[in-house]
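J.: give me a model of this one.
(chains A, B and C)
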Amino acid sequence: MGKIVAVTGNEACALALRQINPDVCAAYPITPATDLMQRFSGYVNDGKVDTELILVESEHSAMSACIGAAAAGGRVATATSSQGLALMWEMLYIAAGTRLPIVMPLVNRALSAPLNIHGDHSDGMGARDTGWIQLYSENAQEAYDNTIMAFRIAEHLDVRLPIMVCMDGFIVSHSIERVEYVDDADVKNFVGKFEAVHPLLDLENPKSYGPLILTDLYHEYKRAQHEVMTKVPAVIETVSAEFAKMTGREYNLFEKYRLEDAEIAIVVMSSAAGTTKDIIDQYREKGVKIGLLKPRMFRPFPFTEIAEALKHVKAIAVLDRADSFGGMGPLYSEIAACVMQMDSKPAVTNKIFGLGGRDYLPDQAEYVIDELIEIAKSGKVKTVKEYIGVRE
Amino acid sequence: MSKKFWEELPQGSVVLEAGSSAKFKTGSWRSMRPRWIEENCIQCMFCWMYCPDMSVKVTEEGKRADFDFEYCKGCGICALECPGKKGNKAIVMEGEGN
Amino acid sequence: MTTKPLRLKELAKGEDRFAHGHRMCAGCGAPIVVKQVLMATDYPIIASNATGCLEVSSCIQQFTAWKIPWIHSAFENAAATISGVETMYRSLVKQGKIEEQNVKFVSFAGDGGTYDIGFQSLSGAMERGHDMMYICYDNGAYMNTGIQRSSATPFGANTTTCPAGDAIPGKLQHRKDLTRIMAAHGIPYVAQASPANWMDLMKKVQKAFEIKGPKFLNVIAPCNRGWRTKTDDAITLAKIAFETCYWPLFEIENGVTKITSKPKEKKPLVDFLKPQGRFKHMFAPENEWMLVQAQEYVDAQWERLLKDEAAG
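T.: Have a look, this model is predicted:
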């Protein structure tokens, strides 16, 4: 068993990066991810890692340098949040389209305007179509574990895609929690050696990265990219199973909590799942058959598996910590697509919560569950999309 | 030009064959054609140095040979920069197909 | 490695590291710049390329003109991208994962990707001190997207976004003096060169490759489409740019300015402007002030350069 410590999410992820010892990290500070790369910089300057740091002048350059470094042929990581991810946006697509296995902890934070530094999923959701794999973490332990697994997943020869390891800004990144570390040697052994594919540094075989591809082939390239995404779930399952063998900590594409016999269910990601589980326990004591589904892998989205897991419930509330203004919450849209695959069509509502770090409190979960009980009885949804925890 | 299926594409659209543009012949772009007049050539190699299309052939001894019409786009830089011999150009531009 | 002798007959025996079959326009100045840069040395070179004419025309589908490892990722980040490649090289060499092979790292970008959208990335990479050479092929506008104004567009020029109209006669601002701005970064080597003066250009490239750290080379690259000239005059116009002191050839090595070649006689700027359609409107009687202003600017820049050189 590894060492048990009380650390923040950022601290745990920084330690994971130290244990993994990437060849190059390029980063630009942004709250709340700053603290992560700051701690990692300490490891670099204390000679605890071999990593070369590139302290760039913007997140756009951070991702550009990561792309150059990854294409060169080595292990690469960075971290960011919010506006930083938004500034990288263009380069995110290029990293994925070029099939570069860059690992990036994303400390989820709201997007301006108005300016806000606290946690919500607007940043990650805005990047959902970029071709990156996205894993969402509930707490510091998951963020740490996911970071270690992320390298194996991204670098898997069937995958070779960049990956974001998401955790909620401040709520997880800055809260001190109990975390069980894996021993350095075990992490090193688990992650293994980096295997370069088409390295630019291979001078004997010069390659050109980034050609112009027009109408006659672009569509085919995107089809190929889609195909790669379909291989990701199996790789995540294999890597997670191996990780479980090493640590005893089990991970799947999503977590099910008291869902087996549930009649109603809440779907929510990241830290809010913890609060929700507590309230579910209280309702279970009162005899309410409620369960939870917490997606871990948001990209690719496990439609079939989630449809299977939810097919027996009568009503579902999908809690989104991000909004698509004028549309539905992004998680809701995915769950609605799952429901379309079911013979039974449970009622689904969408609650927008916790934007800009607004606390997700027990009474919000209670409100949602009480409504779900009513919907399960009547089969009727009054309001499909609703903001909760809002002053009105 | 081969029309590939999506299953056959190189990972990440990386081009694996260096200098493969040589398979793309740009000579058909030409509307004007340079003509090399060897007797006026002083082997200054300016045409070779200034050719944007690497279309002046060079012998093993480093001497100028004829144009590479598979790639020459007929821009005429070589003719304009040619100092010639005693006022007589060693390269002249002529209409393609004349 | 001993510096390669710059004799044309010897150079001509070498293999081009930039292949024919690229799709730059007939008579384009940019590929001449690229081939001269790559020819100047036998060191292994890895290049990044900003989106632009050179990039879209040199690597299309499975056809690449590059015989060296080459990477294009986006428009504004050639410097950041190569800084990543260079850093990975240093990291892997340091860790003993690959062998040191004296690799030289180069970025190619047009003036749009350098003076404007890529300026921040360039400035950052220079400040960080990467061992790299950034080469701007300056054709004085966004030629790839169809001749739009850039901050490198000379005063008076007619472009598609600052057309010579009835109310506004072309571009009314002078060029950004990027070469001096790069020198202000305090990097060890900054130079301005021209493909017409190939020996001067190649010497600068050779010198730069022997210097550790960030280097910047600004090279004039005539564009017959954007300059509204003929397909055969790229080299001739680059020569006139030098002779009129519109494009002086100089270097700033560790802060010391040296004009590497001076015209025997400084020619009037109209010699450079007249053959180019983009300046045609400046020769209308009512726009004579534009010719005066353009000349004054070039004169002032040249005087300042002479002063810098004298200051040592």
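
J.: strands along chain B, start to end?
T.: Per DSSP state E, chain B carries strands over the ranges B:32-36, B:56-58, B:64-67, B:91-95.

J.: with respect to chain A, which of these lies nearest?
T.: Among the strands of chain B, the nearest to chain A by Cβ to the nearest Cβ is strand B:56-58 (22.1 Å). Glycine gets a C-beta too; all of them are placed from N, C-alpha and C.

J.: run through who's touching the lowest-mean-pLDDT helix or strand in chain C.
T.: Taking mean pLDDT, DSSP states H and E as the measure, the helices and strands of chain C show their lowest mean at helix C:8-13, namely a mean of 92. Applying Cβ atoms under 8 Å, 6 or more residues apart in numbering or on different chains, the contact partners of helix C:8-13 are B:43-46, B:48-49, B:58, B:60-64, C:4, C:39.

J.: kindly reformat the residues you listed as CSV containing distance to residue A:115 and pLDDT.
T.: CSV is the format used below for those (distance: Cβ to Cβ, whole Å; pLDDT from 0 to 100):
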residue, distance to residue A:115, pLDDT
B:43, 68, 96
B:44, 64, 96
B:45, 62, 96
B:46, 60, 97
B:48, 59, 98
B:49, 56, 97
B:58, 62, 96
B:60, 68, 90
B:61, 69, 89
B:62, 65, 90
B:63, 68, 93
B:64, 65, 94
C:4, 55, 89
C:39, 52, 97
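
J.: those residues also near chain A: which ones?
T.: Residues of those in contact with chain A (Cβ under 8 Å from any Cβ of the partner chain): none.

J.: strands of the stretch 201-312 of chain C, start to end?
T.: C:215-220, C:249-253, C:256-261 (DSSP state E, counting those that start in this stretch).

J.: quick one on the thing from earlier: restricted to buried residues, select the contacts of helix C:8-13 in PyMOL.
T.: Per 16 or more other Cβ atoms under 10 Å in any protein chain shown, the buried members of the contacts of helix C:8-13 correspond to this PyMOL selection:
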select buried, (chain B and resi 44+45+46+48+49+58+62+64) or (chain C and resi 4+39)
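
J.: which one of the contacts of helix C:8-13 sits closest to residue C:199?
T.: Nearest to residue C:199, judged by Cβ to Cβ, of the contacts of helix C:8-13 is residue B:49 at 9.6 Å.

J.: from what I see, that closest one and residue C:198 are in contact.
T.: Yes - judged on Cβ atoms under 8 Å, residue B:49 makes contact with residue C:198 at a distance of 5.5 Å.

J.: common neighbours of the two, please.
T.: With Cβ under 8 Å, 6+ apart as the test, residue B:49 and residue C:198 both reach residue C:36.

J.: so what touches stretch A:225-241?
T.: Taking Cβ under 8 Å, 6+ apart as the rule, stretch A:225-241 contacts A:96-97, A:99, A:131, A:133, A:135, A:149, A:152-153, A:156, A:158-161, A:250-253, A:297, A:299-300, A:302, A:305, B:6-7.

J.: buried ones among the residues you listed?
T.: The neighbour count (16+ other Cβ under 10 Å) marks A:96-97, A:99, A:131, A:133, A:135, A:149, A:152-153, A:156, A:159-161, A:251-253, A:297, A:299-300, A:302, A:305 as buried among these.

J.: what about chain B: which of those residues touch it?
T.: A:97, A:99, A:160.

J.: list the contacts of residue C:124.
T.: Neighbouring residues of residue C:124 by Cβ under 8 Å, 6+ apart: A:56-58, A:61, C:79-80.

J.: and residue 129, how many neighbours?
T.: Using chain A. 11 (other Cβ atoms under 10 Å in any protein chain shown).

J.: oops, chain C please
T.: Residue C:129 has 14 neighbours, counted by other Cβ under 10 Å.

J.: now do the one 4 residues further on
T.: Residues contacting residue C:133 under the criterion other Cβ under 10 Å number 26.

J.: and the strands of the stretch 201-312 of chain C: which comes nearest chain B?
T.: Closest among these, using Cβ to the nearest Cβ: strand C:215-220, at 13.7 Å.

J.: what angle do that closest one and strand C:249-253 make?
T.: In terms of direction (axes from the mean of the first three to the mean of the last three Cα atoms, to 10 degrees), strand C:215-220 departs from strand C:249-253 by 170 degrees.

J.: who does strand C:215-220 pair up with?
T.: Sheet pairing here is set by DSSP bridges, and for strand C:215-220 it gives strand C:133-138 (parallel), strand C:189-193 (parallel).

J.: who's in contact with the last one?
T.: Right, the one you point to is strand C:189-193. C:179, C:182-183, C:200-201, C:204, C:207-208, C:211, C:213, C:215-220, C:247-254, C:260.

J.: now restrict these to buried residues only.
T.: For the contacts of strand C:189-193, a burial check counting by 16+ other Cβ under 10 Å picks out C:179, C:182-183, C:200-201, C:204, C:207-208, C:215-220, C:247-253, C:260.

J.: before we move on, the earlier item: as CSV, the strands of chain B with distance to residue A:108 would be great.
T.: Output for the strands of chain B, formatted as CSV (distance: least, Cβ to Cβ, whole Å):
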stretch, distance to residue A:108
strand B:32-36, 61
strand B:56-58, 59
strand B:64-67, 61
strand B:91-95, 64
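
J.: sorry, back to before: need the strands paired with strand C:215-220 in a markdown table with mean pLDDT, can you?
T.: Shown next, in a markdown table, are these (pLDDT from 0 to 100):
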| stretch | mean pLDDT |
| --- | --- |
| strand C:133-138 | 98 |
| strand C:189-193 | 98 |
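
J.: hey, where'd the strands end up in the stretch 51-200 of chain C?
T.: All strands of the stretch 51-200 of chain C, identified by DSSP E, counting those that start in this stretch, fall at C:59-60, C:63-64, C:70-72, C:104-110, C:133-138, C:189-193.

J.: what's the pLDDT at residue C:153?
T.: For residue C:153, the model assigns a pLDDT of 98.

J.: ok, it to residue C:242 distance?
T.: 19 Å (Cβ to Cβ, to the nearest Å).

J.: between these two, which one's more packed in?
T.: For residue C:153 and residue C:242, the more surrounded residue by other Cβ under 10 Å is residue C:153, and the numbers stand at 29 against 24.

J.: show me where the stretch 101-250 of chain A has strands.
T.: Counting by DSSP E, counting those that start in this stretch, the strands of the stretch 101-250 of chain A are A:103-108, A:133-136, A:163-168, A:177-180, A:208-209.

J.: now stretch A:36-44: buried residues?
T.: A:36-37, A:39-41, A:43-44.

J.: residues in contact with the residue nearest the centre of chain B?
T.: The centroid of chain B falls nearest to residue B:55 when counting by Cα atoms, centre = their mean (1.8 Å). Each residue near residue B:55 by Cβ under 8 Å, 6+ apart is listed here: B:67-73, C:20.

J.: which of the helices or strands spans the residue of chain A found nearest chain C?
T.: Closest to chain C within chain A is residue A:68: 2.7 Å, counting by Cβ to the nearest Cβ. Using DSSP states H and E, residue A:68 falls within helix A:59-72.

J.: kindly export that helix (C-alpha atoms) in PDB.
T.: Taking C-alpha atoms only, helix A:59-72 is exported to PDB below (Å, rounded to 0.1, in the frame of the first residue of the first chain):
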ATOM      1  CA  GLU A  59      -1.500  29.000 -23.200                       C
ATOM      2  CA  HIS A  60      -1.600  29.100 -27.000                       C
ATOM      3  CA  SER A  61       2.100  28.800 -27.100                       C
ATOM      4  CA  ALA A  62       2.000  26.200 -24.300                       C
ATOM      5  CA  MET A  63      -0.100  23.900 -26.400                       C
ATOM      6  CA  SER A  64       1.900  24.800 -29.500                       C
ATOM      7  CA  ALA A  65       5.100  23.900 -27.700                       C
ATOM      8  CA  CYS A  66       3.500  20.700 -26.400                       C
ATOM      9  CA  ILE A  67       2.600  19.800 -30.000                       C
ATOM     10  CA  GLY A  68       6.100  20.400 -31.200                       C
ATOM     11  CA  ALA A  69       7.600  18.500 -28.300                       C
ATOM     12  CA  ALA A  70       5.200  15.600 -28.700                       C
ATOM     13  CA  ALA A  71       5.800  15.400 -32.500                       C
ATOM     14  CA  ALA A  72       9.500  15.500 -31.800                       C
END
